[in-house]
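# mind looking at a prediction? Sequence and model below.
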Amino acid sequence: MTSPASGTACSSAISRALSFKLVAECSTSKARACLITLPKCSVESPVFMPVGTKGTMKGLTSKQLEDIGFQIILGNTYHLGTNPGPELMEKANGLHDFMNWKRSILTDSGGYQMVSLLDLAEITEEGVKFASPYSDDMLLLTPERSIEIQNSIGADIIMQLDDVVASTTEGPRVEEAMHRTIRWLDRCITAHKNMHCQNLFCIVQGGLDMDLRRKCVEEIVKRDTPGIAIGGLSGGEDKQVFWKVVDLCTSLLPKNKPRYLMGVGYAVDLVVCSALGVDMYDCVYPTRTARFGTALVPWGQLRLKQSQYSMDFDPIDKNCPCLTCKTYTRAYLNSIIKQETVACHLLSIHNLTYQKQLMESIRKNIIQNTFPQFVKDFMKEMFPDGNYPQWAVDALASVNIQL
Amino acid sequence: MNFKVRVIDLAGSCCRLGALQFGTKVVETPGCLIYNRSGVVPHLTPDILETLDNVPPIMHTPLASIIEEPGLIKLRGYGKGLASFIGYKDNSVYISASDYQGEAMYQYNENKSISVWTKTGRTKVTPDDYSKFVEVCRPSWYQSLCDTVPANASIKRTRKSVDRTLEFLDQCLKYREKHDSLKTSELWAAVEGGGLVDERQRSAKESATRPVFGFTLEGFGSDQMNVETIFELLPLTTQNLPVEKPRLIHAIGSPTINSLSRSSKLTEVEEENGNDSSNDQDRTATFSLLNLREDRYNEDFSPLVSGCKCFVCSNHTRAYIHHLIINNEMLGGVLLMTHNLFQYIEFFRCIRTSLKNNKWKELRKLFDA
């Protein structure tokens, strides 16, 4: 991230880079189904966005992601900005062409990786200062630079640089970060060159403090960005506080804009947060857990490395329509899992299909106004003994779904 | 299952065009088999493999890759054979006794058993152990157990290799005779002889007297024998084999058009594997190699081979693959393997077409250029 980039040209200039349609609202909870039309693709929400860190989804081709049905994926600005770098991104006419993905992309701001991956990150008003992992240089990621790189990557949705603090942080640092996030938003808006073909989303910060969250929402809503993200969660905080922050934010945010809850991807969280009115999610979990040999199923997880599967000749999930379940048994996957990378690919295909199917079910049930029953059935299958996590019970009760 | 072959005399080179038929499926020869480990073509999920046209309907699985995992107990419990277990349901498998991916560990072979090397070490396999394992795998073809030695093995050791391999063959035949379940699995005799003409000929002649479906030519792998010796020994071996039976050679590294025409009898089935080259981040392009790690591909937005019809060249650029490779992204291996296999399959199709159309010399010129 050393030299400037002027921004990837947009192929089709449209007057607005995002159009938002509220398709259906659940009559019981705050859940909603929307149609978010982006420059490259229309996205049906609630939607889970898988994370393709370096312009690839861990061994899967763009075609395979398209076959699973994803309409939008996520790329990481920190990684893409470092390698291949913004100059190459521009020469390649952006990430879509570079990886041959014809549908939509969202890029993060790069700030989160610096704070989470780098020991030596230092945050000042100017930006995030960090030691290059590739040289002895100290580099600075400013809001302007983040937007410049994201302009060169050319994603349909780009994110403002925010001041990220661990969700368990307390005290004045949280408030400082919230205010700085708003100041940085203004700088990002000024720096953004591709308003007509890239949508800049702002981020609600404020830690676990309800007042700070309220203040932050009040300020950023004034900026009228095409979409709004809820940040600073999913960092190991108490789930009882987590859902209350989500619930507060969705209640305060305007109805006519997409709401993106960053870093959330466990099945139960997706169902509960959709009930609270969230539209978009991203998480590395389905593909990361696949690489450790874990398959996601409606009743939890199968750790396929375990010897109990060595003579199990059923598919991972007999109701799953994915390539892996149609072709292989648990016993076969168990036999190749420790030695063949193909096992990772096969489990990634299954887990991503699981996520996609789950989101489709959520959406379908919202549209048919059967969402509360769907939630109850989903929870019953996930926790057959009825031993539901209390936070989920409370969160769902707050939107009139009684387990 | 049957084999039809036509010998074509081309200016002193007796090339062979053939077809191995099973049911409605055909393996045309000369052709290549695709290699798998534990039922997996390295890097490739089945949907990606399906993007390749003309994949031979029989997959080569070396014993060493399956003897431990899935192993006998799991496969017996499954009960529907290896092809079905590895998700290759419409097609079939060929099981070979040796895996040339590894270093030749022939000195550990004994009179009654060979040593198969797996991740956890050494497993001794007798002809009966092997036959029992093959029985639960239900392959369409399998190779007889063999004690393969490299070209530089001593005369005494090479002789022993031929003797043992013939003895193993007889025991495999005896087991097959007694077990009806193996009747649908055709046995190929391994022909040995290391670097010695006499032993090559003895092994070929003796094997030819046995009731086998075809012959595998052992010890010609690139790490076992140099090219000159291959050219010398291959014709002297094949001239002792019956014309009407198919021949398979394992572990020939790169597409060597010269070896095909210089041998007086062309082999039907070449065993190729794109795995090595994709691991080395190389690829074949009109039979040259590109190392995609090199910086010069950084901004190269052209396909690996312009005009190549494979899935990779239709969808991705050298720059993208270079990016994947230098970042150790798993997709790099997937794309290179896919392209390399496409090239190999296409290579053999060109050979067959040129033989059919009497254009062999023209094809050779193209490759020599």
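Done, it's in. Owing to the predicted nature of the structure, the values given are computational and were not obtained by experimental measurement.
# for residue 173, which non-adjacent residue is closest in space?
Since you didn't name a chain, this refers to chain A. Closest residue to A:Arg173 apart from its sequence neighbours, by C-beta to C-beta, 6 or more residues apart in numbering or on different chains: A:Val165 at 5.8 Å. In short, each C-beta sits where N, CA and C put it, glycine included.
# that was the other one, I meant chain B.
The shortest distance from B:Leu173 to any residue that is not its chain neighbour, by C-beta to C-beta, 6+ apart, is 6.3 Å, and that residue is B:Arg210.
# what pLDDT does the one you found get?
Reported pLDDT at B:Arg210 in the predicted model: 97.
# for residue 339, give me its contacts.
Using chain A. With contact set as C-beta atoms under 8 Å, 6 or more residues apart in numbering or on different chains, A:Gln339 has these partners: B:37-38, B:69, B:119.
# wait, chain B
When contacts are counted by C-beta under 8 Å, 6+ apart, B:His339 is found next to B:283, B:304-305, B:308, B:310, B:312-313.
# mind giving me the packing neighbours of the strand or helix carrying B:Arg176?
Secondary structure assigned from DSSP states H and E places B:Arg176 in helix B:155-178. Packed against helix B:155-178, as judged by 3 or more C-beta pairs under 8 Å, 6 or more residues apart in numbering or on different chains; DSSP states H and E, are the following elements: helix B:127-137, strand B:186-191, helix B:197-208.
# show me where the stretch 51-200 of chain A has helices.
With helices called from DSSP state H, counting those that start in this stretch, the stretch 51-200 of chain A shows them at A:62-68, A:77-82, A:86-91, A:95-99, A:111-117, A:143-153, A:172-191.
# with the stretch 201-350 of chain A instead?
Using DSSP H, counting those that start in this stretch, the helices of the stretch 201-350 of chain A run over A:210-222, A:239-252, A:267-275, A:285-291, A:323-327, A:330-336, A:341-367.
# before we move on, the earlier item: of the contacts of B:His339, closest to chain A?
For chain A, the nearest member of the contacts of B:His339 is B:Val312. The distance, counting by C-beta to the nearest C-beta, is 8.9 Å.
# ranges for the strands of the stretch 201-350 of chain B?
Defined through DSSP state E, counting those that start in this stretch, the strands belonging to the stretch 201-350 of chain B, from first to last, are B:214-217, B:247-249, B:269-271, B:284-285, B:288-289.
# now the stretch 101-250 of chain B against chain A: closest residue?
Distance from chain A to each residue of the stretch 101-250 of chain B (C-beta to the nearest C-beta) is smallest for B:Lys119, at 7.0 Å.
# outline the domain layout of chain B.
Structural domains of chain B, as assigned by automatic domain parsing, span the residue ranges B:2-269, B:278-368.
# before we move on, the earlier item: would you single out the least confident of the strands of the stretch 201-350 of chain B?
For the strands of the stretch 201-350 of chain B, mean pLDDT drops lowest on strand B:284-285, to a mean of 33.
# around chain B, which positions in the stretch 51-200 of chain A sit nearby?
For the stretch 51-200 of chain A, the residues in contact with chain B under the definition C-beta under 8 Å from any C-beta of the partner chain are A:54-64, A:67, A:83-84, A:88, A:91-92, A:98-100.
# which among those residues end up buried?
For these, burial is judged from neighbour counts taken by 16 or more other C-beta atoms under 10 Å in any protein chain shown, and it is met by A:54-64, A:84, A:88, A:91-92, A:98-100.
# how about the residue nearest to B:Leu173, what does it touch?
Neighbour list for B:Arg210: B:169-170, B:173, B:189 [criterion: C-beta under 8 Å, 6+ apart].
# make CSV out of those and add pLDDT.
Shown next, in CSV, are these (pLDDT from 0 to 100):
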residue, pLDDT
B:Leu169, 98
B:Asp170, 98
B:Leu173, 98
B:Ala189, 97
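# nearest to B:Lys205 among the residues you listed?
Using C-beta to C-beta, B:Ala189 is the member of the contacts of B:Arg210 that sits closest to B:Lys205, with 11.5 Å.
# lovely, talk soon.
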